[in-house]
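Engineer: Take this sequence and fold it.
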Amino acid sequence: MTAVHLTRKVPGAASAAVRQLAGGRRVVWAEVHDDVHKGALSSAASGVLRNAAQMAHEKRLPLVLVLASSGADLREGVSALHGWGEAARVITECSGVVPTIAIVDGPAVSGPALLIGLCDVVIMTTESFAFVSGPTMVVQMTGVEVSNEELGGTDIHSRQSGVANLVANDMAHAEELLNEVLRYLPDHVDDLPAIIDSGDPANRRCPELNTILPASPTGSYDVRHVIESIVDDGVHLELRAGWANNVVTTLASIGGRAVGIVANQPLALAGTLDIQASQKAARFVAFCDAFNLSIVTLVDTPGFYPGKDLEWRGMIRHGAQLVFAYGRATVPRVCVILRKSYGGAYIVMDSKRMGNDVCIAWPTAELAVMGAGQAAAILQRRATPDERAEFERDYEERLLNPYVAAERGYVDSVITPEETRIEVLAALDMLSSKREKFPKRKHDNGPL
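Structural biologist: Residues are numbered from 1 along each chain as shown. Down below sits the predicted model:
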């Protein structure tokens, strides 16, 4: 990694420079070091972060923040708070303009923890931790003793909170992951992702997909195998792999075109959507849309996960986040319905009427308000078992197939599974010149 231009350095506290990474990409690189006062963030150190964010915004280069900080410097008082507040404001201005990536390689406490929450991608090393209020505050306010790792360690943020997109063994590994992320991203919003070289033939069929679905309609399978079949060389970079396992969000390329893939995961909660899955997918869709990555959605979901707890915690608001993210996305969008696509989840997972550009279905696709059994339980409550069974058979024949949806214009084509890569790539090629006019408004007011 080569430093090209030093912007500012505060000895022992923070530094920033334009650097060229091992992969050749130039970024604005800012570090807060923990070798002095455990990285306490003074107003001067915060100024380095602010200046780095300003430079990234002006030069249209990705911003990389490497943080190891115990929080605002107590010795400086309120000036330290104002310092990181200014940094937060400018990092916010970078949002959607240039990619912002945080690497946590030590503590990230209070203000610095919130700074990483502003970034598009967060990479945490295994020995790092992050929280807004530390163990001392927790024990004072609640009486509960907790360690740094229990409160905000890498395992917590990769599996419980969803803060960490990727986990690295050490700083060297973190830089490798950084290069992998940037491989799929442009430098700024006004640029397109670079074409990624691959020897994988564009016309490659995927015969293994013809038998990937289990015989039972309720059987599970790993949707990652579908992803690996259709992407170039079977390579993809999954973000937040340990959190909200019922949906997969991953970066890949198809025919050299960088894409973001959102997929229901039948291995977890049968691929239903809950609060965390909705948040995870919505954030990823917005990220892809911000940086011109086409979105490929693989659908196999029986609906939203039911339950009093989820409804009380705001399933409506969080489910709407995913609707909103797809509804405002302007990049090319291709949807492939693999199997189940029921009810509100059918709409949420980038359906045709949500603005999807191309909707493809496998012959096994089932598009309906609900499954046959659920419909029978509502519409045939007083029927005999034989009558209910006959109703279910008729329901499946008349409604649970993709050809009815295709006749009504909700599906563009029904394909064999082995054609999936070819058809998706053809759609992406066709949509490569897609441009949409943005509405004139200050900003939207999405559900939070």
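Engineer: Please, where are all the strands along the stretch 301-448 of the chain?
Structural biologist: Secondary structure of the stretch 301-448 of the chain by DSSP state E, counting those that start in this stretch: the strands cover 333-342, 358-361, 366-368, 413-414.
Engineer: so how far is the third one off the chain centroid?
Structural biologist: On the basis of C-alpha atoms, centre = their mean, to the nearest Å, strand 366-368 is displaced by 26 Å from the centre of the chain it belongs to.
Engineer: Over to the second one?
Structural biologist: Going by C-alpha atoms, centre = their mean, the spacing between the C-alpha centre of strand 358-361 and its chain's C-alpha centre is 22 Å.
Engineer: same question, the first one
Structural biologist: Here the centre of strand 333-342 is set off from its chain's centre by 18 Å, with C-alpha atoms, centre = their mean.
Engineer: which strands and helices sit next to that strand?
Structural biologist: Here strand 333-342 touches strand 294-301, strand 358-361, strand 366-368, helix 420-430, going by 3 or more C-beta pairs under 8 Å, 6 or more residues apart in numbering; DSSP states H and E. C-beta coordinates here come from the backbone N, C-alpha and C atoms, glycine included.
Engineer: residues making contact with the second one?
Structural biologist: Contact partners of strand 358-361, identified using C-beta atoms under 8 Å, 6 or more residues apart in numbering, comprise 333-337, 351-352, 367, 402, 405-406, 410-415, 420, 423-424, 427, 430-431.
Engineer: who's in contact with the nearest residue to I415 once chain neighbours are set aside?
Structural biologist: Counting by C-beta to C-beta, 6 or more residues apart in numbering, I415 lies nearest to E423, which is 5.3 Å off, once chain neighbours are set aside. Going by C-beta under 8 Å, 6+ apart, E423 touches 360, 413, 415.
Engineer: P217 now?
Structural biologist: By C-beta under 8 Å, 6+ apart, the contact list for P217 reads 339-340, 366.
Engineer: Counting neighbours, which of those residues comes out on top?
Structural biologist: Per-residue neighbour counts (other C-beta atoms under 10 Å) across these peak at K340, which has 28 neighbours.
Engineer: Check whether P135 really touches L151, as I assumed.
Structural biologist: Yes - in this structure, P135 is within contact of L151 by C-beta atoms under 8 Å, at 5.9 Å.
Engineer: picking up where we left off before, could I get the strands of the stretch 301-448 of the chain as a markdown table with mean pLDDT and distance to S220?
Structural biologist: Converted to a markdown table, the strands of the stretch 301-448 of the chain look like this (pLDDT from 0 to 100; distance: least, C-beta to C-beta, whole Å):
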| stretch | mean pLDDT | distance to S220 |
| --- | --- | --- |
| strand 333-342 | 93 | 11 |
| strand 358-361 | 96 | 20 |
| strand 366-368 | 81 | 16 |
| strand 413-414 | 95 | 23 |
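Engineer: Quick check: which ranges of the stretch 1-150 of the chain have low pLDDT?
Structural biologist: Residues of the stretch 1-150 of the chain meeting the criterion pLDDT under 70: 1-12, 36-39, 72-77, 80.
Engineer: how about the helices in it?
Structural biologist: Using DSSP state H, counting those that start in this stretch, the helices found in the stretch 1-150 of the chain span residues 43-59, 78-94, 111-117, 135-142, 148-152.
Engineer: Please tabulate those in a markdown table, including the columns distance to D274.
Structural biologist: Shown next, in a markdown table, are the helices of the stretch 1-150 of the chain (distance: least, C-beta to C-beta, whole Å):
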| stretch | distance to D274 |
| --- | --- |
| helix 43-59 | 34 |
| helix 78-94 | 29 |
| helix 111-117 | 21 |
| helix 135-142 | 27 |
| helix 148-152 | 23 |
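Engineer: Ok, which of the ones you listed comes nearest L209?
Structural biologist: helix 111-117 (38.0 Å; C-beta to C-beta).
Engineer: contacting residues for the closest residue to F304 other than its chain neighbours?
Structural biologist: Distance criterion C-beta to C-beta, 6+ apart; nearest residue to F304, sequence neighbours excluded, is L273 at 5.1 Å. Applying C-beta under 8 Å, 6+ apart, we find L273 in contact with 246-247, 264, 281, 301, 303-305, 319, 322, 345, 348.
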